[in-house]
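J.: Got a sequence here, can you model it:
(one chain, ligands or ions: 1)
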Amino acid sequence: MMQRSDLKSRWVVLVLTAVILAGSYFNYDGPAALKAPLQETLHLSDTQYNLLYSVYSFPNIVLPLFGGLLVDRCGTKASLILFVSTIVLGQGIFAAGVALRRYDIALVGRTVFGMGGESLTVVQTTIQAVWFQGKEMAFAMGLGLTVARLGSVINDWVMPAIYQSGVPGLLPPLEPASALSFGFFITLLSLGCALALLLLEVRTDRFLAAQHKREQAQPLLHDTAAGAEAVVEHMSLADIQHFSASYWLLTVSCVVVYATILPFNNVAAGVIMGKYGVSLEVADRLMSIPYLIAACINPFMGTAVDLLGYRAVMLTAGAAALAAVHLSLAWTMVPVVLPLVAMGLSYSAYAAAIWPSIALVVDGRAMGTAFGLTTAVQNGGMASMPIAVGTLRDTTGSYQAVEIFFACVAMVGVAVGVALNVVNHRAGGGLNRVAKRRDALEKKLEAVIREDLEADSQSR
Ligand SMILES: NCCCC[C@H](NC(=O)[C@@H](N)CC(=O)O)C(=O)O
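T.: Here you go, the predicted structure:
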């Protein structure tokens, strides 16, 4: 039966989903690019400024799970429009709050933005998984992540520039709300792409339904259907208990390994300055190396995964390399560029393997819930990591203990990866096989069954 992944329009879907997420990542990092002007304009302490990020993160320890359930129950189309509209609304409220010099309104804006932001990642990943299943899934997810991360990088350049010069005739200079209003226009661009995607999905539904009808009209498929209607079961929270051991191991791996990458970025400048004695400006530039490297090579890592498989091996190797990176930052004085480049490579390898793996170990109707649950648990890890890191740094007075801690967490990721390889091997080793080959095998099997049924119906 023809599927979405057989259609050429999947490449349009890839572009649209990538731009949608880039709009979200662009605005997530908005406060960081405008830290000083925001603190000055709204008279914010460091704690109040950090709260702009905490109110984004904390609800997301739970929300993406329900976001994912919504994706499975109501479909990707409705969920996509809902989550993109939520980030538009959130960014609008945030910009208005800053324009009105109302910190409370700004906080409400960031909270609403967060309610859409992470669930948007879930629906975006689900859409890519559906459109690229058995095809170039890891490449598509890698390219999507690259574009999204570019959204963060562009934000770092564009926001301060708009703050300085405004937009002639439209937005006044030296006003943080101007830059944030520009961010609001970017969310409108995401909404435009979401609407275009909605149209494409509706047309695709019609096309595939017509195609399906035509296939059912063939005598063979009358036989297989035997007059029975396909039952579409709806996903419920209780169905989570049926997720496989591989899924749970992937989720634990995602929490621990991501906890050694993204939260490291928050303290990277401090680690580099403390250890190598460079200025804040130099440390800021150096700390962008891992994300830049990852952004450049994500699509290639994705292609490697699509062509070779070895997902479980790759995510275990990624965790091991991250442990080595953190140990070298704790105990050696190698030029700092080396561990930072190695971190970018390992992050990219890990990300290329983990997200497509989740799509492979769950049933299609549970995909949104599975991505949602993993994202929710992952956010739990990322919300608690800064607290652990801050406490370690305050009690020991140095970043060495922090780096050893990061390395230990990465080693837990290695142990989970080894367990995943064993469990998955016992279950047939699907994670380490090439998805295309699985697809081909399934098609071969389908053809054999089809031939059998045809022979059967002729002999009757
Ligand atoms: N299509 C996969 C998208 C996930 C990419 C991943 N993002 C996350 O894990 C987010 N849930 C958390 C975050 O962005 O902070 C990434 O590697 O950025």
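
J.: what about the helix or strand hosting residue 50, near the ligand?
T.: Secondary structure assigned from DSSP states H and E places residue 50 in helix 46-57. No: using C-beta under 6 Å from any ligand atom, helix 46-57 stays clear of the ligand, with a minimum separation of 8.5 Å. Where C-beta positions appear, they are placed from N, C-alpha and C, glycine not excepted.

J.: Enumerate every residue touching residue 346.
T.: 317, 318, 319, 321, 322, 325 (C-beta atoms under 8 Å, 6 or more residues apart in numbering).

J.: which parts of the helix or strand where the fourth one lies are buried?
T.: In this assignment (DSSP H and E), residue 321 forms part of helix 311-331. Along helix 311-331, the positions that meet the burial threshold by neighbour count (16 or more other C-beta atoms under 10 Å) are 311-330.

J.: buried sites along stretch 48-57?
T.: 49, 51, 52, 53, 54, 55, 56, 57.

J.: So which residue is smack in the middle of this structure?
T.: residue 121 (5.1 Å; C-alpha atoms, centre = their mean).

J.: other SSEs contacting the biggest helix by length in the chain?
T.: Longest helix of the chain, by residue count under DSSP state H: helix 176-216. Contact here means 3 or more C-beta pairs under 8 Å, 6 or more residues apart in numbering; DSSP states H and E; on that basis helix 176-216 packs against helix 10-28, helix 30-33, helix 35-42, helix 76-99, helix 137-165, helix 219-225.

J.: which of the buried residues of stretch 48-57 lies closest to the ligand?
T.: The ligand lies nearest to residue 57 out of those, by C-beta to the nearest ligand atom, at 8.5 Å.

J.: what's near enough to touch that closest one?
T.: Residue 57 neighbours (C-beta under 8 Å, 6+ apart): 114, 379, 382, 383.

J.: burial measure for residue 391, as a count.
T.: Residue 391 has 11 neighbours, counted by other C-beta atoms under 10 Å.

J.: same question, residue 209
T.: For residue 209, the number of neighbouring residues by other C-beta under 10 Å comes to 10.

J.: Tell me who's in contact with the residue lying closest to residue 33 once chain neighbours are set aside.
T.: Leaving out its chain neighbours, the residue that sits closest to residue 33 by C-beta to C-beta, 6 or more residues apart in numbering is residue 159, at 3.7 Å. Residues in contact with residue 159 (C-beta under 8 Å, 6+ apart) are 30, 33, 34, 179, 182, 183.

J.: got the buried residues for the helix or strand hosting residue 415?
T.: Element membership of residue 415, judged by DSSP H and E, is helix 400-426. The neighbour-count check on helix 400-426 (16+ other C-beta under 10 Å) flags 400, 402-407, 409-414, 416-417, 419-421, 423-424 as buried.

J.: Helix 311-331 and that helix, what's the angle between them?
T.: Compare the direction of helix 400-426 with that of helix 311-331 by axes from the mean of the first three to the mean of the last three C-alpha atoms, to 10 degrees and you get 170 degrees.

J.: From the chain's centroid, how far away is stretch 149-165?
T.: The chain centre lies 21 Å from the centre of stretch 149-165; the measure is C-alpha atoms, centre = their mean, to the nearest Å.

J.: who in the chain is up against the ligand?
T.: 118, 121, 125, 141, 144, 145, 258, 262, 351, 355, 375, 378.

J.: what's in contact with stretch 126-138?
T.: 3-5, 10, 13-14, 17, 68, 71, 76, 80, 139-141, 144, 197, 301-306, 311, 352-353, 355-356, 359, 364, 367-368, 371, 435-436, 438-439.

J.: what's the average pLDDT for it?
T.: For stretch 126-138, mean pLDDT is 95.

J.: when you give positions from now on, start the count at 796
T.: Sure thing, new numbering starts at 796, so read that last one as stretch 921-933.

J.: That stretch: end-to-end distance?
T.: This stretch, stretch 921-933, spans 12 Å end to end (C-alpha to C-alpha, to the nearest Å).

J.: residues touching residue 1146, list them.
T.: By C-beta under 8 Å, 6+ apart, the contact set of residue 1146 is 936, 937, 940, 1089, 1093, 1096.

J.: Now do it against residue 944, distance only.
T.: According to C-beta to C-beta, to the nearest Å, residue 1146 and residue 944 sit 10 Å apart.

J.: Common neighbours of those two, please.
T.: 1089, 1093.

J.: Would you format the buried residues of stretch 843-852 as JSON lines with pLDDT included?
T.: Shown next, in JSON lines, are the buried residues of stretch 843-852 (pLDDT from 0 to 100):
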{"residue": "844", "pLDDT": "88"}
{"residue": "846", "pLDDT": "90"}
{"residue": "847", "pLDDT": "93"}
{"residue": "848", "pLDDT": "90"}
{"residue": "849", "pLDDT": "88"}
{"residue": "850", "pLDDT": "92"}
{"residue": "851", "pLDDT": "92"}
{"residue": "852", "pLDDT": "88"}
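
J.: export these to JSON lines and tack on distance to residue 1039?
T.: Converted to JSON lines, the buried residues of stretch 843-852 look like this (distance: C-beta to C-beta, whole Å):
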{"residue": "844", "distance to residue 1039": "42"}
{"residue": "846", "distance to residue 1039": "39"}
{"residue": "847", "distance to residue 1039": "38"}
{"residue": "848", "distance to residue 1039": "34"}
{"residue": "849", "distance to residue 1039": "34"}
{"residue": "850", "distance to residue 1039": "35"}
{"residue": "851", "distance to residue 1039": "31"}
{"residue": "852", "distance to residue 1039": "28"}
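
J.: Just name the closest of these to residue 966, please.
T.: residue 847 (20.7 Å; C-beta to C-beta).

J.: and residue 1009, how many neighbours does it have?
T.: Counted by other C-beta under 10 Å, the residues lying close to residue 1009 total 11.

J.: cool, and residue 963?
T.: Counted with other C-beta under 10 Å, residue 963 comes out at 8.

J.: Could you pull up the contacting residues of the closest residue to residue 1111 other than its chain neighbours?
T.: For residue 1111, ignoring the flanking residues on the chain, the nearest one in space by C-beta to C-beta, 6+ apart is residue 1212 at 2.9 Å. Contacts for residue 1212 (C-beta under 8 Å, 6+ apart) come out as 1048, 1107, 1110, 1111, 1112, 1114, 1115.

J.: ok, residue 818 touching residue 985?
T.: Yes: between residue 818 and residue 985 there is a contact at 3.2 Å, judged by C-beta atoms under 8 Å.

J.: which regions of the protein sit below the pLDDT cut-off?
T.: Along the chain, segments meeting pLDDT under 70 span 1013-1028, 1231-1245, 1248, 1252, 1254-1255.

J.: For the ligand, give me its nearest residue in it.
T.: Relative to the ligand, the nearest point of the chain is residue 920 (3.9 Å; C-beta to the nearest ligand atom).

J.: Shouldn't that residue be within a strand?
T.: No: counting by DSSP: H, G, I helix; E, B strand; the rest coil, residue 920 is not part of a strand but helix.
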